[in-house]
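*Asks:* structure for this input, please:
(chains A and B)
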Amino acid sequence: MTTPPDPEHDALESELADLFERTAKAPSEFEHTRLLGRAENIAKRQGSRKSRLQLAWGGALAAAAAVVFLALAPEKPKPHLPTPAPVASLAARETPRTEPSTPTASATPTTETPPGDLDEDDPVATVFGTDPDDGDSFDLGPLFAPSDQDRRQTWLESTEEVSHGAP
Amino acid sequence: MTQGAPAALDDPATHTEAELVAAVIDGDSQAFAMLIKPHLGLIYRVTTRATGNLALAEDAMQETLAIVHRRLFRYRPGTSFKGFVAAIAVKRARTLLRSEARRRRREELASPGETPPTPADLAAANETARAIARALNAMPRKRQEVLLLRLDGGLGYDEIAQATDTTEGSARVLVHLGLRELKATLAPHLETERGDPDPGERR
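*Replies:* All right, here's what the predicted structure looks like:
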């Protein structure tokens, strides 16, 4: 489709085009050279489209890989949450609260032996820092029977109580 | 030669526009200089006209060059490269001018009083050029763009249509409306240019 010529329009356009031409700014030789240099610098800095695409794709792939890794990684127990305790250990924890506490031998304060009195050749003294003959410092519990001497001592004390308490 | 380095053209001056475009897309910076060289005057003219301010025009030129290079892959061979460049220059200048106007408004609100013109401003425009810039800036965006492309860029209607993504008929109508508006606004300047001392006597 061709537009019919419009002399009025053409005259107006020509008049304004002249006005624009007279008031237009043109770059000087120096500015022209500077702009050309800038164009080349911009092209160098921005590189090729291929390299820009490679950079963009590289970044996108790395991000996607990180997301996939985080999504598929095996879930580890979180350290700040308590782990579910087995029933046996729960029961063991409950026991001391229900029974009255009895003083044990371990609760009694032990007297420290001066280091000079230790037998350095005795391995027990080396480990525990005390002489094994210094008395009953450790309660080894019901699994370990007291020595015969202790048994005898206990029996003698009980017979004394009986004889004193007898009328 | 290192891997990924662009294959530079042996003599960019002897190649066609399409070959230069292909070389630039491939990373040849010298080809870009050769490709843009014939259009530097156009970029300069359009940006100084649209901004009316040399300092702003400098920024607009710089950004136009960067955008042309970055968007070169969008250029369709066979269409007007001049139109492609001019459209980017007009749009960039307009955007910078708008942001500058916003900045000035903020500054005026913060500290009332007229800002003194910079030496660049003084050198940039005489009275007629300023009047043209004012008239253009008062127009709707599309109308301003097509007028700049037509009167400063010297583009044909088909080129304007391609550059502004419109039809040739619409471009023609927009130019016509813009010309009439410009004539009304710039009447005193047109009379002065004609050398008519008293426009009232002419009938």
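
*Asks:* all contacts plus neighbour counts: C-alpha atoms, from now on.
*Replies:* Fine.

*Asks:* can you list the low-confidence ranges for chain A?
*Replies:* A:1-5, A:48-52, A:74-152, A:154-155, A:158-167 (pLDDT under 70).

*Asks:* what sits against residue B:104?
*Replies:* Contact analysis of residue B:104 by C-alpha atoms under 8 Å, 6 or more residues apart in numbering or on different chains lists nothing.

*Asks:* then residue B:20?
*Replies:* B:12, B:31, B:32, B:34, B:35.

*Asks:* need the contact partners of the helix ranked longest in chain A.
*Replies:* Counting residues, the longest helix found in chain A (DSSP state H) is helix A:49-72. Outside of helix A:49-72, the residues within contact range by C-alpha under 8 Å, 6+ apart are A:46, B:4, B:25, B:26, B:27, B:70, B:73.

*Asks:* hmm, which of the residues you listed is lowest in pLDDT?
*Replies:* Minimum pLDDT across the contacts of helix A:49-72 is recorded for residue B:4, with 45.

*Asks:* which helix or strand in chain B has the lowest average pLDDT?
*Replies:* helix B:119-124 (a mean of 50; mean pLDDT, DSSP states H and E).

*Asks:* following it, which helix or strand shows up next?
*Replies:* Later in the chain than helix B:119-124, the nearest helix or strand by DSSP states H and E is helix B:127-137.

*Asks:* how about that following helix, does it reach chain A?
*Replies:* Yes. Counting by C-alpha under 8 Å from any C-alpha of the partner chain, chain A has neighbours in helix B:127-137: B:128, B:129.

*Asks:* let me see the mean pLDDT of that helix.
*Replies:* The model assigns helix B:127-137 a mean pLDDT of 86.

*Asks:* next: stretch B:51-68.
*Replies:* Per-residue scores along stretch B:51-68 average to 91.

*Asks:* buried residues in that stretch?
*Replies:* B:51-54, B:56-58, B:60-68 (16 or more other C-alpha atoms under 10 Å in any protein chain shown).

*Asks:* for stretch B:182-192, same thing?
*Replies:* Buried-residue list, stretch B:182-192, by 16+ other C-alpha under 10 Å: B:182, B:183, B:185, B:186, B:188, B:189, B:190.

*Asks:* longest helix anywhere in chain B?
*Replies:* Assigned via DSSP H, chain B shows its longest helix as helix B:81-110.

*Asks:* ok and it relative to helix B:127-137, angle-wise?
*Replies:* 90 degrees (axes from the mean of the first three to the mean of the last three C-alpha atoms, to 10 degrees).

*Asks:* can you name the residue of chain B nearest to chain A?
*Replies:* For chain B and chain A, the shortest gap (C-alpha to the nearest C-alpha) falls at residue B:27, measuring 3.8 Å.

*Asks:* is that residue in a helix, a strand, or coil?
*Replies:* coil (DSSP: H, G, I helix; E, B strand; the rest coil).

*Asks:* just the one 5 residues further on next, same as before
*Replies:* Assigned state for residue B:32: helix (three-state reduction, three-state DSSP).

*Asks:* who touches it in this structure?
*Replies:* Contacts of residue B:32 by C-alpha under 8 Å, 6+ apart are A:39, A:40, A:43, B:20, B:21, B:24, B:69.

*Asks:* could you redo the last one with a cut-off of 10 Å?
*Replies:* A:36, A:39-44, B:12, B:20-25, B:65, B:68-69, B:72 (C-alpha atoms under 10 Å, 6 or more residues apart in numbering or on different chains).

*Asks:* could you restrict the buried residues of stretch B:51-68 to the ones contacting chain A?
*Replies:* Applying C-alpha under 10 Å from any C-alpha of the partner chain to the buried residues of stretch B:51-68, one finds that B:54, B:58, B:61, B:62, B:63, B:64, B:65, B:66, B:67, B:68 fall near chain A.

*Asks:* low-confidence ranges, chain B, go.
*Replies:* Across chain B (using pLDDT under 70), the flagged ranges come out as B:1-13, B:111-125, B:192-203.

*Asks:* just want the phi and psi numbers for residue 17.
*Replies:* As the question left the chain open, I've gone with chain A. phi -60, psi -40 (degrees, to the nearest 10).

*Asks:* was I right about it contacting residue B:132?
*Replies:* No. Contact between residue A:17 and residue B:132 fails when scored by C-alpha atoms under 10 Å: they sit 11.6 Å apart.
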